[in-house]
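Chemist: what's the 3D shape of this:
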Amino acid sequence: MKRVLLFAAILVVFIPLLSGSVHGAETSGVTAHRTFVMVHGGWGGGYAFRPIERRLRAAGHEVYRPALVGTGDTAHLANPDIGLETHIQQIVNLIRYEDLHDVVLTGYSYSGMVVTGVVDRIPERIRQVVYIDAFLPEDGESTMSFAPNMHSPMAQQILEHVRAAAGSGLVPAFWESPDGAPPKQDPQPYKTLADTISLKNANGRAVPGAFLQFVPPGTKPDEADFAVAAARAKQRGWPVRVIVGDHGTVFRAPELVADALLAITDSSPAPHGTATSGRISTTAQRANRKVVERFLDAFNRGDLDGAAATFAETGLNHGYPVGRDEIRLVLQDIQTRFPDARLTVKSWLQDGEWIVLRAMYSGTHRGIGKYPVDGGMLVGVPPTERTFEVQTIHMLRVQKGAITEHWANRDDLGMVRQLGLLPPPPPWPTE
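Modeler: Now for the predicted structure:
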């Protein structure tokens, strides 16, 4: 029961979507919510991308920034047996276990090797791969075999340091004090740098990509450390954006890098060269819309079983896991409180798996509910017999023929005022 109450408290703004027929303008091509998985460079950790994450989240996107095993907050797990494939499989598992789709996958520096392997393993999960001044390997290459193409004094010093530390199994960051307090750069397993990458999936080459190249002041782009990688990106037809600065620009100017990421992501073509949004076909988008239409129609007719059946067995509401039975309980509570609850959809936007509705939610207060839905302000309140109509906005994700995720916002204050439970707002001044 506690789980139901928690679900109700966070779901309530969701019910307004539950009525009315879908009509209004049909649109596609809106700037979509993106899911970024950001993989840090060698000797680093997920902490390195915290400032970039803030910028991306402020723009409405979801961000994952894992620490590759043996580095960052997993430095205590470092050992000589960790190799490149360990890191590749770690990110593959992250995407699979978090059930991520349509991912914008970014790799910085060493992790260009990692993200290349991830795209090869699960191309169907990746919307776009972005290399941030990073290695872009071909089959059979390694960080060590690619590194001689880098000519800056620092890059060559690191290369010689790695070669000298090969026998130790772990390569310390010689530029970092080993006694320093976290966050700091920790030893990198040598195998991650020496292992060659295996790329066998032709579908991986079809995933759209982009390249952010850092070019120090006074240096030509074709003389920068990752010039070979940037040239490969151009050969594949990917956009290459030059940012003036050295390899550490990702840390010193995170907002600049985040804005470049947003620009290069928003301008990316549809995945795999299709003419669809969000890596699904027009036919699939129509099918997704039908799911939401069935849901709306069922609730409007009072068919709570039919409405709940359009949801997946398990899903997310405002980021919280919920089940279909919990959804039905809350729908029942809404119907008890407002037997004539309706939603009149005013506009409809669709981008891939996501559907956004702007609608007017209306009903008459004729019953007492027991769950804190509709803002939680009506629990135990006797019926007022008054009607209301307020605006709502809903985002739903439809996957495999069922609604799997929902976010919403609604004018609960306006609803309570219209029901006579709060005084109306004061009038605007005449002068």
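Chemist: Quick check: longest helix in the protein by residues?
Modeler: Ranked by residue count, the top helix of the chain under DSSP state H comes out as helix 282-300.
Chemist: What residues sit buried inside that helix?
Modeler: Within helix 282-300, the residues scored as buried using 16 or more other C-beta atoms under 10 Å are 284-285, 288-289, 291-292, 295-300. Quick note: C-beta positions are derived from backbone N, CA and C, even for glycine.
Chemist: you'd agree Y47 is up against P183?
Modeler: Yes. Using C-beta atoms under 8 Å, Y47 is in contact with P183, at 4.4 Å.
Chemist: Overlap of the contact sets of those two?
Modeler: By C-beta atoms under 8 Å, 6 or more residues apart in numbering, Y47 and P183 have these common neighbours: G72.
Chemist: returning to what we had before: ok, of the buried residues of helix 282-300, which one's closest to I334?
Modeler: F299 (8.6 Å; C-beta to C-beta).
Chemist: pLDDT score for that closest one?
Modeler: For F299, the model assigns a pLDDT of 83.
Chemist: before we move on, what about D246?
Modeler: 91.
Chemist: so which strand or helix has it?
Modeler: D246 belongs to no helix or strand when elements are defined using DSSP states H and E.
Chemist: Quick check: the closest residue in space to it that isn't next to it in sequence vs A224, distance?
Modeler: Leaving aside its sequence neighbours, D246 sits nearest to P216 (C-beta to C-beta, 6 or more residues apart in numbering; 4.6 Å). Note on P216: its distance to A224, by C-beta to C-beta, to the nearest Å, is 7 Å.
Chemist: all helices in the chain, in order from the N-terminus.
Modeler: 2-11, 50-58, 84-97, 111-121, 143-146, 153-164, 190-194, 227-235, 249-252, 254-266, 282-300, 304-308, 324-337, 412-418.
Chemist: right, so the ones you listed: which one is the most enclosed?
Modeler: helix 111-121 (a mean of 26; mean count of other C-beta atoms under 10 Å).
Chemist: for that helix, the distance to its chain's centre please.
Modeler: Distance, stretch centre to chain centre, for helix 111-121: 18 Å (C-alpha atoms, centre = their mean, to the nearest Å).
Chemist: and the angle from it to helix 84-97?
Modeler: Orientation check (axes from the mean of the first three to the mean of the last three C-alpha atoms, to 10 degrees): helix 111-121 against helix 84-97 gives 60 degrees.
Chemist: elements contacting helix 111-121?
Modeler: Helices and strands touching helix 111-121, by 3 or more C-beta pairs under 8 Å, 6 or more residues apart in numbering; DSSP states H and E, are strand 35-39, helix 84-97, strand 103-108, strand 126-132.
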